[in-house]
Each structure stands twice: as structure tokens, then as C-alpha cells.
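> sequence plus predicted model, see below.
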2 protein chains.
Amino acid sequence: MNDLFSEYAGEPLYIQLYMYYREMIIKGVLKYGDKLPSVRKCAAEFALSKMTVESAYMQLTAEGYVFAKSQSGYYVSKISDIEFIGKAPSGDDEDVKKFKPDYDLSGSSVDIECFDFNLWQKYVKNALRCEDRLLSYGEAQGEYDLRKALSEYASKERGVVCSPSQIVIGAGVQSLIQLLCALDDSNSDVIFVGAPFEQGTVVFKDYKYRVIDGKENYDGQNRISFIYVSPSHSNKFCDVMNISARVDLLNFARAHDCIIIEDDYDSEFCYFSRPVSSLQSLDGGRNVAYIGTFSKLLLPSIRISFMVLPVKLAQAYKKKSRLYNQTASKTEQIALARYITDMRLITQIRKARKHYENKAELMKNKIISEISPDFIKISDSGFMIYFDITSEISAQTLVESLLSKKVKIKGAEQIEQNHIRIFVSSASIKLADIDKSVKSLKNSLISKKNY
Amino acid sequence: MNDLFSEYAGEPLYIQLYMYYREMIIKGVLKYGDKLPSVRKCAAEFALSKMTVESAYMQLTAEGYVFAKSQSGYYVSKISDIEFIGKAPSGDDEDVKKFKPDYDLSGSSVDIECFDFNLWQKYVKNALRCEDRLLSYGEAQGEYDLRKALSEYASKERGVVCSPSQIVIGAGVQSLIQLLCALDDSNSDVIFVGAPFEQGTVVFKDYKYRVIDGKENYDGQNRISFIYVSPSHSNKFCDVMNISARVDLLNFARAHDCIIIEDDYDSEFCYFSRPVSSLQSLDGGRNVAYIGTFSKLLLPSIRISFMVLPVKLAQAYKKKSRLYNQTASKTEQIALARYITDMRLITQIRKARKHYENKAELMKNKIISEISPDFIKISDSGFMIYFDITSEISAQTLVESLLSKKVKIKGAEQIEQNHIRIFVSSASIKLADIDKSVKSLKNSLISKKNY
């Protein structure tokens, strides 16, 4: 074997030969129209079998470096000039280490104590046994058994009026919003009602909608395509939208002939009272697209959300459905369907509601006894506590100072000079850690007072 | 207990009372400004505890049906007229039964023989044990360990020049295209090169791009944002795009300052030769966004694709990444990362390539011996066989007639009068069933000749 090939050592022989010729062609040593040696000659020259040479020539032909003339041999193809050899891009790689607070009072992850992980594992393992189903693509709309289970769940728990044919599954709320955008031709205005939702507005902006913050800011210039609302988080205090506001909104949507997108996340946790009737149920399913998620209820890492389309949009979807692939994992869809039909979801909701309620009450009481705020309240939707304190430093400085002490809160705002409202959540804190977390919060607040 | 509540039997008492009053308010029996009986009075009248009545009143207050005046009592809120009670939508539900051919020669699912299902199950089960990771949201860009594994895999196997920071994971190609659209502000033209890809064009159209079929049809009016190409499926014959065409395309893209989207699906199966160098590697990663999928290699139901962004787009992505949630399942991402680093993917590729190659060769030989076509070829990319036969009926009629006999083929086209080209795939057929499937195809073809 010729030592010309040494740099390709380790590769199969025919690949070494192929690379050798490819290099010669790329470098211009062999030019357009040049004839390659015959298979016999090449085999003799490099001490290779004819089979090896033929394989290499076939590879060169397949990739277009050379072409075969019958009864004549192999010739080099015409190739435009280009820099062939890529360089590794310079972009620095990210820092893998992430900031992890000692006490996460922002409520951004869930509490392991509250979720029966082993049970969920069992359902996923069972789903993995459905070989037949897992070997094919899933239904574009989402697995039928999951849609059926969800339609019964949503109907029973949230009064949502629907059949499985109106339900579309997706990997997260954004995938579902993208689908709604695809079903709407107008791309006019979208009004967001209530607390800001940046990950929602960005999708509409990407689809060239004009996004309006609050229906009081609508100027009447364009049609309204959608109104986006999370009735269980109607403002930054996570108040539940009351019935009058709901009815007003439905009337507004009817007057403007637009669709309300009801993002019902965390509604299961409005535990001071039963969850409020969904807008979808009040509307009879006519103009409301209802979106449900399970990130707090199950695991944030399970990417399954669902949407109940109004009948007219469900029909529009049916016509285009084959064009849109399902995004959610089929295994997890199968697991979740059984989890729901076995009544595990309902059990989990009851358990989680109680657990989070206890934690919020405990944290509230701890804050009262440790910090003695001027005012304190648990939000309607149960996940958030806000309280007012006297403070000489600004809200912004306070948040940053707490963070430097590895205590992450949801936020703080200046309500007047020397008065700050602090927003915290007990959702991510274990029951046993609430005492410590509040004390740590207190210490950080007190040390700040001495500034 | 008053029998007025009988229709709510089974619910907790306070809910029964709440529903009773809610009904009265919705029906207009109780009107705006009407006062509810005092808690004491109501408790006495219905023989309930004061606690129960208080809970019901709190629920009514929380939902806005009534409001409390301090030191006075509860009053009915002002509620606009609306039809409250939803009716079940009429849309008929879908037929769950799906058409299943006896012989699927269209190649739309994978072959169970070729995939070690038990092994994959083991990896998913291991991933399920990472409780800590599964309790939080995943990284928006995709799990770091998976991105690292993919960057090494793509670099080694496809010459793709990249670091993990350039890789974005998504649940399927469409999710990745949506991201590219979001990163591009111009929304001008997209050129599709090669075989049509309806599920790709639809996404661009949704984002208001003009989609052009083939660069020869570009009229120069708008900017070009993207060129979409699958180099291993450069035409309907699934030919591999040769090096000259690749270089031409790269030069064209540079001249127009646009991004090439290289959808490299099934490139692992171009088994007549080694897979052709990726466009991304020829270009040095400057103007090519490389997309890889595993649907044929692993399971179609695993919704994980990845995209290697050119450095400039990777930087643009970094600025917006917190706005876009990850769509792929975290469990499956963790499983796949380990599957790759344990060299299972490479082993699976080699095994699958060999297996599919054997099946294609066998089917080709069976077709030759059974059907004696005028011409037959296995496509470069290995998944498709096409052959020409004499036929008195049209291509269209033939496809439908085969379908009625439960034989599903990839397609057929009229090449001239009485001559048809038939496209089949052995991908979904088990090795042992190839003989039977070709005989069944032959019988359907022969019976047609007698029409």
C-alpha cells in the first residue's frame, strides 16, 4: 500500500483510495476532463484488489467527483471553485454550571415530595411496552386515547364542553399557539389580558401579529384575531378573574368576532375555593380555545399540553392536520392517557392542592411571626404570597441583594417611599425547609435595613 | 337539608349551596343588588353549619357572583346578559379505525427487526431515574449532554463543523423550522430545491414567506431568506446530490447572502457508498443550518431532531433563547444522550444500514425474478426501488387498484403510453415477508393486465 494514504489510516481501504482521489480533485491536481487510471492499472499500482478500486471509483462517481464514460473509463467532473475545507467556528462554548439558589422562593420548579415519581415511572415503563404503537409515527393531532381521556377530564373538572376530535396535543403552550397562528389567515391584532406572558407574545410577534397589552389599549384599527387570557392569573397578584370580568370579556370577544385563548394553567391550584368555571364552559365552546397544561401538576419536564378548539377551528384544523406533525412524545402520551383513565391525575390534583395549600399557609404564618409585615396575602391562585415591609433600600436593590445571598424571590416592587411589596412562592420549597427559608429571607432583609 | 339541592347530590355541602345560589343568579332569580340571607339565617334555614355557609359565600365571592359589604352582608354583583350554559358541540367524532395495508411498500414506518427495543427501553428507564433533572424545566436549547453528544456524532459521522452551543434540539423538523423563521426578520423568499416537502413549505407559508419551487424559478424580486434542500433526496428518485450540484448551490447561496437549510434525513442509509459529505462541512458551517433526525434510525415516535446553527444565527438565538421553550421530552433527551455516548447509535446505524441494504437487494432480485421489469434501480439513498413495466391501465388507476387490494406503494407515474414507473420501498417490510409482498404486488399487477 502506497504511503500516500497514510493520513487516512484506519479507514477501509476503498475509503482511503476514495479520499486520496477526492483530495487530488479538490486541490486541483486532477482537473476537469482528466482520466483516472483504469481499475486494473490502479489496483496494480497501489497493490489493491480490483474490487477495492471499483468501490472507490463508485464512491467518487456517486458523489459526482468523477463520471463514467461507458467502454472508456472514469473522468474528473467540472467543479466550481470554492473553499472546501471548513474551519471550526470560534463561538465560545457556554458555561455549563448554572446558578442554583439555596432557597428558591420564586416557584419555578415543583416540589418532589408532592409527586409520586415511582408511579409515573411505572406508567412510562408500561407505555414502553406498546412496541406496535411506538414503531410508527403518532397521530398528528395527538394519540386518540389521550385526547379521549383529556376530553373527559376537562369536561368533568373544568366544565369544558368538547369531544376528542376538538382536542389537539402539543409539546407545550408555544406549539399550540403556533398551530392557532397557522389556522388563522388574518394575522391582525392579538390582545393580551392580565399578567404579561412574554413567551406567548413572542410567538404572535414572530407570526407578524400586532400585540396589544390590555383591551383598553385596542385602537380599533385592525381586526382582532385573538384575545389571550389566563383567568386564574388575571393580574400580577395572581387573582382569579371574577365572573363579571369573564362575562364582559366574552361579550367583547363576540362583538369583535374573535377567538379567546383561555390559558388555564394552574387553575387546579386555586384552592381557597373551587376552581372558577372556565371561560370555555361559560361560552359553550363557541369562541374559546381552551389550553391546559400539567407542568406544575406532574413534572415540568413532561412536555404535554392540550388545546380544545372551537368547532369551526377544529374543522379548519382537520383539513390541514396531515401537514403538521405531532410534537409531544408518543411514549409519554400513552403513559399520560392511562394515568388519567386510572384516575391517577385526579388523585394527584387533590393531593397536590392540599400539599401546596399547607405549604402556603405555613409560609404565610412564618412570615407573620418572623418578619411582621404591614400586610400579607396569599393570592387567589394559591401559589403566591405577597407582603409589605418598611425598607430603606429600593425594591430593585433588595432583589439583587437577596440573590447575592442565594435567596431567589419572585419579585419586589416599590409601593411608596420606604415601602416595598415582596412576592414569594412556597411552591418549590419542601415543607420541612419553609422555616429555614423564611428565616434566611428575614436575615437578608434585616441585614439590608442596616445599610 | 332542603331538597332544592338534590340535583347537586354527591358534591360537598358547601358546593351544593354555592351551586344553588349560582343557579339563582345566572337565571336572574337573584338580581344585581339583591342581598343574600345572613350566614346565620341561611345556616338555620338549610340546616347547615355556619362554616359551610361561609365557605359557599366565599366561593361565590371569589368567582365574583356576589360581593361583600363590610358590616352589612353579601350582595349580588352586576353581571351582563349572556347564555351561560354550554351545549355539547355537534361535530361528529372521528373514526378511530385506520386503514392498514397488508403490505406496506410505501416505507412509512420502520422495521421492528432492526431496532433493539429492549435496549432503548433500558435507556429510557435509566433516564427516568434522574429525578432531580426531571423535576425542573429542561434547558430551552436542549439538554447540554445531548447537545454535546450530538455535536461529536455529527462531526464524526457527517463532517459537521460545530460546538454544542450551536446546537438546538426540537421535537421534529417543523419545530426547528419555526425557530429559524423566528430568528429571521425578513420573511421574504424561500427556495425549495429537489423533491417536494409539503410539511416544510407549509411552515414557511404560515410565516408569510413566499415559497419557490427550484432555484430556476426565482425571479429576483425579493431577498432570499433560505434555501431548503435534502441532499440525500435531491429528486423523486432519491438520488444523492452530487458534488458539483452541492458546490453550485453553496455558491448561489453566497451570492445571495442567504442561509441553506440542509435537511440531512436518512443520509445514514446511502449505503451504496459512504454518505456524501454534508453541505455544512463543505461550507465550513458559515451559511448552512444543518438539520438531523433519527426517525428511521431509532423510532418514528421519538420526537427528537437537532439543528446546527451557523455561528451568526447561534448568537441571534442566544439573545432570544429564554423566550422559546424546549419541545422535546426531557426524559428521551437524557436517554438519547447516553445512547449516543455509549456508542449505541453508531452500532445501530451500522446494523440498520446492513439490514436495509439486504432487504432492498432481496426485494430488487425478487421483483426481477417475479415481475421481469424493463428497468429496475435501487435509489442512491437506498430506501427506494423503482422499476418500469408495461401496463394498459394508467398509473393513477394502478395505485388505487393496488390500495383496494391492501398493497400500498410509494407511487407510480406514467412514463409513456402503456409504460409505468413504479416506486416501492422495502423499509417497512420484514425480511421474511419480502417474498410474499412481491408476489402480492405481482398478482395485483397481473390481474390488472386482464382488465
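Thanks, I have the structure now. Computed from a predicted structure; not experimentally measured.
> from now on I want contacts and neighbour counts done on CA atoms only, so please keep to that.
OK.
> average pLDDT for stretch A:358-375?
Rounded to a whole number, the mean pLDDT of stretch A:358-375 is 93.
> I meant stretch A:182-200, not that one.
Mean predicted confidence for stretch A:182-200 is 90.
> please save the CA atoms from that stretch in PDB.
Taking C-alpha atoms only, stretch A:182-200 is exported to PDB below (Å, rounded to 0.1, in the frame of the first residue of the first chain):
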ATOM      1  CA  ALA A 182     -51.300  28.700  11.300                       C
ATOM      2  CA  LEU A 183     -55.100  28.200  11.300                       C
ATOM      3  CA  ASP A 184     -55.700  32.000  11.200                       C
ATOM      4  CA  ASP A 185     -55.200  33.800   8.000                       C
ATOM      5  CA  SER A 186     -55.600  37.300   9.100                       C
ATOM      6  CA  ASN A 187     -52.500  38.000  11.200                       C
ATOM      7  CA  SER A 188     -54.100  41.200  12.600                       C
ATOM      8  CA  ASP A 189     -54.200  42.000  16.300                       C
ATOM      9  CA  VAL A 190     -53.800  40.000  19.500                       C
ATOM     10  CA  ILE A 191     -54.800  41.400  22.800                       C
ATOM     11  CA  PHE A 192     -53.200  40.100  26.000                       C
ATOM     12  CA  VAL A 193     -55.400  40.500  29.100                       C
ATOM     13  CA  GLY A 194     -54.000  40.300  32.600                       C
ATOM     14  CA  ALA A 195     -50.500  39.400  33.700                       C
ATOM     15  CA  PRO A 196     -47.800  39.700  31.000                       C
ATOM     16  CA  PHE A 197     -46.800  36.400  29.200                       C
ATOM     17  CA  GLU A 198     -43.600  37.100  27.300                       C
ATOM     18  CA  GLN A 199     -43.400  33.500  25.800                       C
ATOM     19  CA  GLY A 200     -46.800  34.000  24.400                       C
END
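> is that stretch anywhere near chain B?
Yes: on the criterion Cα under 8 Å from any Cα of the partner chain, stretch A:182-200 is in touch with chain B at A:182, A:198-199.
> got a winner among those residues for most neighbours?
For the residues of stretch A:182-200 next to chain B, the largest number of neighbours (other Cα atoms under 10 Å in any protein chain shown) sits with A:A182, at 20 neighbours.
> tally up the residues packed near the residue lying closest to that one once chain neighbours are set aside, please.
Nearest residue to A:A182, sequence neighbours excluded (Cα to Cα, 6 or more residues apart in numbering or on different chains): B:D206, at 5.3 Å. As a burial measure, B:D206 scores 20 neighbours (other Cα under 10 Å).
> and the gap between B:D206 and A:E139?
Remark: distance between B:D206 and A:E139 (Cα to Cα, to the nearest Å) = 21 Å.
> element containing the residue of the stretch 351-451 of chain A found nearest chain B, please.
Proximity of the stretch 351-451 of chain A to chain B (Cα to the nearest Cα) peaks at A:D380, 7.9 Å away. For A:D380, there is no enclosing helix or strand under DSSP states H and E.
> that one reaches A:V240, doesn't it?
Yes: the pair A:D380 and A:V240 qualifies as a contact (Cα atoms under 8 Å) at a distance of 5.8 Å.
> quick check: phi and psi at A:S186.
The phi and psi values for A:S186, taken as degrees, to the nearest 10, are phi -80, psi -30.
> hmm, it is touching A:S225, no?
Yes: A:S186 is in contact with A:S225 according to Cα under 8 Å; the separation is 7.1 Å.
> so for whichever residue of the stretch 151-300 of chain A sits closest to chain B, what's the pLDDT?
Going by Cα to the nearest Cα, chain B is nearest to A:G284 of the stretch 151-300 of chain A, at 3.2 Å. Here the pLDDT value assigned to A:G284 is 80.
> what is the neighbour count of the residue of the stretch 351-451 of chain A closest to chain B?
For A:D380, using other Cα under 10 Å, the count is 23.
> show the contacting residues for the residue nearest to A:A182.
Applying Cα atoms under 8 Å, 6 or more residues apart in numbering or on different chains, we find B:D206 in contact with A:181-182, A:207.
> so which of these comes closest to B:K351?
A:A182 (39.8 Å; Cα to Cα).
> what's the helix or strand for the closest one?
Assigned by DSSP H and E, A:A182 belongs to helix A:173-183.
> thinking again about what came up before, the residue nearest to A:A182 and B:F306, how far apart?
In terms of Cα to Cα, B:D206 sits 22 Å off from B:F306.
> and for A:S225?
A:S225 is 33 Å from B:F306, by Cα to Cα.
> in the stretch 51-200 of chain A, which spans are strands?
Taking DSSP state E, counting those that start in this stretch to define them, one finds strands in the stretch 51-200 of chain A at A:66-69, A:73-76, A:103-105, A:167-170, A:189-193.
> adding mean neighbour count, write those strands out as a markdown table.
Converted to a markdown table, these look like this (neighbours: other Cα atoms under 10 Å in any protein chain shown):
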| stretch | mean neighbour count |
| --- | --- |
| strand A:66-69 | 19 |
| strand A:73-76 | 20 |
| strand A:103-105 | 23 |
| strand A:167-170 | 27 |
| strand A:189-193 | 23 |
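> would you format the ones you listed as a markdown table with distance to A:S428 included?
Listed next are these as a markdown table, based on distance: least, Cα to Cα, whole Å:
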| stretch | distance to A:S428 |
| --- | --- |
| strand A:66-69 | 63 |
| strand A:73-76 | 66 |
| strand A:103-105 | 6 |
| strand A:167-170 | 25 |
| strand A:189-193 | 27 |
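> so which of the ones you listed is nearest A:H419?
Closest among the strands of the stretch 51-200 of chain A, using Cα to Cα: strand A:103-105, at 20.3 Å.
> just checking, what packs against the closest one?
strand A:407-409 (3 or more Cα pairs under 8 Å, 6 or more residues apart in numbering or on different chains; DSSP states H and E).
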